[in-house]
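Visitor: No sequence on hand, only this structure:
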């Protein structure tokens, strides 16, 4: 019988790997890391990885989803965050990792949020060409949806205000004292 202890599966920017470790009850320990840019299809990749963990009774290392991402698609990040929240997983940014822009929407979804690396925030942006004032107002009202998402995830109004006060073309890195 051939047995592989380390088998990485790369789903776009969601990396799922079996580690050469077992927990106290003999369950296989695995890790899931979301890195690079958050793109269309990452939600499906995360869903598949979490299904594999649940179906095989594996255990997530530190019960956490690891993050090291420059951000990307906001809608995809929110859906990934909702999935993480549904399964009550923690989120973690390790010391030499970064979670920027839309990645923060995943970070705040964790049942426990840990960040010893960089967490960068800014207001969302669009490349849309608005046809009229109504289109622009619909887009601008999306910030209310961002606020609702952040509230649902249990973040503070202060964090939302910080995000809204940083222009989309720059990045502000949070101190370790900032409550997510």
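Guide: Received, thanks. All of these numbers come straight from a predicted model, not from anything done at the bench. Numbering: from 1, shown residues only.

Visitor: which residues make contact with the helix or strand containing residue 105 from outside it?
Guide: Secondary structure assigned from DSSP states H and E places residue 105 in helix 103-107. Outside helix 103-107, the residues that touch it by Cβ atoms under 8 Å, 6 or more residues apart in numbering are 34, 38, 65, 67, 69-72, 74, 77-78, 80-81, 84, 91, 93, 99, 113, 115, 119-121, 149, 163, 180. Yep, even glycine has a C-beta here, placed from its N, CA and C like the rest.

Visitor: Now do stretch 21-33: everything it contacts.
Guide: With Cβ under 8 Å, 6+ apart, stretch 21-33 has contacts from 14-19, 46, 49-50, 52-53, 56-61, 65-68.

Visitor: nope, stretch 61-73 is what I meant
Guide: With Cβ under 8 Å, 6+ apart, stretch 61-73 has contacts from 13, 19, 21, 29-40, 42, 46, 77, 84, 89-94, 97-104, 106-107, 110, 112, 114, 117.

Visitor: nearest spatial neighbour of the residue nearest to the spatial centre of the chain, skipping sequence neighbours?
Guide: The structure's the chain has its C-alpha centroid closest to residue 106; by Cα atoms, centre = their mean the separation is 2.5 Å. Nearest non-adjacent residue to residue 106, counting by Cβ to Cβ, 6 or more residues apart in numbering: residue 81, 4.9 Å away.
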